[in-house]
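**Q** Pasting a predicted model and its sequence here:
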Amino acid sequence: MRKDGKTGANSPDRDSGAGKVRITIRLDGEIIDWFRSRAGAEGGGNYQTMINNALRDYIGQGGESLESVLRRVIREELKDAGPDADVIPRGRL
């Protein structure tokens, strides 16, 4: 509950000066499970920090869609492979 006595998604309370804001958010169970399993596989890190970092990375890319990123990377790899490489037919990327 917020200091003004109202409930809501956002709380103005900051977590110990870390620049973080406590909110309530609903995410798909598969998303949480994936981040939790990755955190466990990487030695028990904090899955919430991993989600935060993933969002930062997304913002850092200018909000570019995953499809756009994949297409750009594939094009760059094909260009670097040279003209004799097995390639996907033109017009497919």
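**A** Yep, that arrived.

**Q** those strands in the protein, which residues are they?
**A** Assigned by DSSP state E, the strands in the chain fall at 10-14, 21-23.

**Q** can you tell me which of those the model trusts least?
**A** Among these, strand 10-14 carries the lowest mean pLDDT, at a mean of 50.

**Q** what sits against the residue nearest the centre of the chain?
**A** The residue lying closest to the centre of the chain (Cα atoms, centre = their mean) is A54, at 2.8 Å. By Cβ atoms under 8 Å, 6 or more residues apart in numbering, the contact list for A54 reads F35. C-beta coordinates here come from the backbone N, C-alpha and C atoms, glycine included.

**Q** gap between it and E64?
**A** Relative to E64, A54 is positioned 14 Å away (Cβ to Cβ, to the nearest Å).

**Q** what's near enough to touch the nearest residue to R38 once chain neighbours are set aside?
**A** Spatial nearest neighbour of R38, excluding adjacent residues (Cβ to Cβ, 6 or more residues apart in numbering): M50 at 6.2 Å. M50 sits next to F35, R38, A39 when contact means Cβ under 8 Å, 6+ apart.

**Q** Quick check on those: which are buried?
**A** Among these, those classed as buried by 16 or more other Cβ atoms under 10 Å are F35, A39.

**Q** just the contacts of M50 now: which is nearest A18?
**A** Within the contacts of M50, the smallest distance to A18 is 18.5 Å, found for A39 (Cβ to Cβ).

**Q** Count the neighbours of Y47 for me.
**A** Neighbourhood size, Y47 [other Cβ atoms under 10 Å]: 19.
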